[in-house]
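Undergrad: Sequence plus predicted model, see below.
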Amino acid sequence: MLSREAERIYWMGRYLERAEDMSRLVNVNALLLLDLPGGVSVGWKPLVSITASEPLFSDRYGEATERNVIRFLVSDQGNPGSILSALSQARENARTIRDIIPREAWEEVNNIYLHAKEDMHSGLSKRGRNVYLTSIIRRSQLITGLLAGTMTHNYAYDFLKLGRNLERADMTSRIVDIRSQNLLNEPEESLRPFENIQWMSVLKSLSGYQMYRQHVRGPVRGADVIHFLFKHEQFPRSIYHCVSEVAGCLRRLPRNEDPMKTLNRLRRAVRNTNPEDLPAEGLTRYIDKIQRVFNRFHQDIQATYFSITS
């Protein structure tokens with residue numbers, strides 16, 4: 001396949017996953033704020049921090065109010081991490097590779113973008129936000145299922161899965177990093193009684209609460225949540241599982257030596273470290289290291305497969 005086709009299907013996978021993850025994150029944060037009593041709030045600013053877009057947000061909006069953050073993360077096409085922007089990019093990439101992906105998948109990618117754009121007023125309102133964001137999640141999952149069940153599992157499908165799982169692992173690491181900063185060691189006094197509710201929100205951001213309870217017998221504890229989200233081999237949104245999926249795709253691709261070296265570094269870093277035992281500052285440094293390797297791996301993929309015509 002041509003390198004430009006590989007790049008577009010890789011980015012289609014990343015952008016669809018980005019839209020789904022952002023929908024989860026915004027929705028769960030809104031529900032978390034409802035669970036906390038009046039006067040106790042984790043606010044909306046952490047969501048901007050998770051996306052590493054504080055400078056852009058500050059330039060465009062200034063104060064991190066609920067209205068500003070929702071608009072920035074849901075509908076602002078000047079923000080490449082917003083739901084609408086991600087779906088727009090996924091649609092554009094899908095449009096250029098319609099001869100590679102099944103027609104039904106292209107139609108659903110087009111439909112999810114049109115739905116997100118035309119029903120945007122619901123996503124920005126408190127009354128309609130939950131239904132709107134849930135519909136984005138469900139439609140994204142429909143596309144994932146369509147592609148898994150109707151697309152030939154060839155090199156193109158490997159690039160699709162590679163992009164999806166790299167984006168998913170990156171988002172999991174960001175959620176744990178930001179949410180753990182006020183939950184480990186010495187949380188704010190006002191938040192201390194509600195730690196378990198906040199850790200539950202971390203799991204729910206990744207649709208992991210029920211699976212966590214199946215594998216961890218006992219109360220929701222920060223150390224157990226971190227271990228589960230980093231090292232569980234079978235939970236689809238754990239970092240280790242995502243990295244293993246990426247490795248499986250990469251093994252089937254030609255000229256994989258350089259990306260595989262970087263990926264093996266990442267797998268060792270996840271496998272050989274127990275992040276739940278680290279203090280808050282150590283966990284942040286560890287996650288920073290992992291995210292730098294994510295970036296390096298993406299650069300290796302770019303240089304190996306997307307910078308030449310194959």
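TA: All right, it came through fine.

Undergrad: so residue 200 makes contact with residue 210?
TA: No: Residue 200 sits out of contact with residue 210 when judged by C-beta atoms under 8 Å, with a separation of 11.0 Å. Placement of C-beta: from N, CA and C, glycine included.

Undergrad: Looking at those two, which is more packed in?
TA: Set residue 200 next to residue 210 and count neighbours by other C-beta atoms under 10 Å: residue 200 wins out with 20 against 9.

Undergrad: so what's the more buried one up against?
TA: Residues in contact with residue 200 (C-beta atoms under 8 Å, 6 or more residues apart in numbering) are 209, 220.

Undergrad: Tell me how far it lies from residue 98.
TA: Using C-beta to C-beta, to the nearest Å, residue 200 is found at 41 Å from residue 98.

Undergrad: what does residue 155 give?
TA: In this view, residue 155 and residue 98 are 17 Å apart by C-beta to C-beta.

Undergrad: higher neighbour count, the two?
TA: residue 155 (18 against 14).

Undergrad: count of neighbours near the closest residue to that one other than its chain neighbours?
TA: Spatial nearest neighbour of residue 155, excluding adjacent residues (C-beta to C-beta, 6 or more residues apart in numbering): residue 1 at 5.7 Å. Residues within reach of residue 1, counting by other C-beta under 10 Å, total 14.

Undergrad: Hmm, residue 156 and residue 1 touching each other?
TA: Yes: using C-beta under 8 Å, residue 1 is in contact with residue 156, at 5.9 Å.

Undergrad: anything in contact with each of those two?
TA: Taking C-beta under 8 Å, 6+ apart as the contact rule, residue 1 and residue 156 both touch residue 100.

Undergrad: can you list the domains in this structure?
TA: 1-151, 153-310 (automatic domain parsing).

Undergrad: Same list (these) but as TSV, adding mean pLDDT.
TA: Formatted as TSV, those follow (pLDDT from 0 to 100):
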stretch	mean pLDDT
domain 1-151	91
domain 153-310	87
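
Undergrad: quick one: the closest residue to residue 142 other than its chain neighbours from residue 65, how far?
TA: Among residues not flanking residue 142 along the chain, residue 108 sits closest, at 6.0 Å (C-beta to C-beta, 6+ apart). Per C-beta to C-beta, residue 108 is found 34 Å from residue 65.

Undergrad: Looking at these two, which is more packed in?
TA: For residue 108 and residue 65, the more surrounded residue by other C-beta under 10 Å is residue 108, and the numbers stand at 21 against 13.

Undergrad: Tell me who's in contact with that one.
TA: By C-beta under 8 Å, 6+ apart, residue 108 lies in contact with 139, 142, 143, 146.

Undergrad: could you redo the last one with a cut-off of 10 Å?
TA: Counting by C-beta atoms under 10 Å, 6 or more residues apart in numbering, residue 108 touches 16, 94, 102, 139, 140, 142, 143, 144, 145, 146, 147.

Undergrad: try residue 55
TA: With the criterion set at C-beta under 10 Å, 6+ apart, residue 55 makes contact with residue 48.

Undergrad: residue nearest the centroid of the chain?
TA: The residue lying closest to the centre of the chain (C-alpha atoms, centre = their mean) is residue 171, at 3.4 Å.

Undergrad: Find the helix or strand that the residue lying closest to that residue once chain neighbours are set aside is a member of.
TA: Leaving aside its chain neighbours, residue 171 sits nearest to residue 21 (4.4 Å; criterion: C-beta to C-beta, 6+ apart). If you go by DSSP states H and E, residue 21 is part of helix 3-35.

Undergrad: shouldn't residue 303 be in contact with residue 257?
TA: No: look at residue 303 against residue 257 with C-beta atoms under 10 Å: they stay out of range, at 11.9 Å.

Undergrad: More neighbours: which of these two?
TA: residue 303 (12 against 9).

Undergrad: got the buried residues for stretch 255-274?
TA: Neighbour counts using 16 or more other C-beta atoms under 10 Å place 256, 259, 260, 262, 263, 266, 267, 269, 270, 273 of stretch 255-274 among the buried residues.

Undergrad: Now that stretch - C-alpha only, PDB.
TA: Taking C-alpha atoms only, stretch 255-274 is exported to PDB below (Å, rounded to 0.1, in the frame of the first residue of the first chain):
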ATOM      1  CA  ARG A 255      10.900  -2.700   8.000                       C
ATOM      2  CA  ASN A 256       9.800  -2.700  11.700                       C
ATOM      3  CA  GLU A 257      13.300  -2.800  13.300                       C
ATOM      4  CA  ASP A 258      13.500   0.900  14.500                       C
ATOM      5  CA  PRO A 259       9.900   1.200  15.800                       C
ATOM      6  CA  MET A 260      10.200  -2.200  17.500                       C
ATOM      7  CA  LYS A 261      13.300  -1.100  19.400                       C
ATOM      8  CA  THR A 262      11.400   1.900  20.800                       C
ATOM      9  CA  LEU A 263       8.300  -0.200  21.500                       C
ATOM     10  CA  ASN A 264      10.400  -2.800  23.400                       C
ATOM     11  CA  ARG A 265      11.700   0.000  25.600                       C
ATOM     12  CA  LEU A 266       8.200   1.100  26.300                       C
ATOM     13  CA  ARG A 267       7.100  -2.500  27.200                       C
ATOM     14  CA  ARG A 268      10.000  -3.000  29.500                       C
ATOM     15  CA  ALA A 269       9.200   0.400  31.300                       C
ATOM     16  CA  VAL A 270       5.600  -0.700  31.800                       C
ATOM     17  CA  ARG A 271       6.400  -4.300  32.700                       C
ATOM     18  CA  ASN A 272       9.300  -3.700  35.100                       C
ATOM     19  CA  THR A 273       7.900  -0.800  37.100                       C
ATOM     20  CA  ASN A 274       5.200  -0.800  39.700                       C
END
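
Undergrad: Lovely, talk soon.
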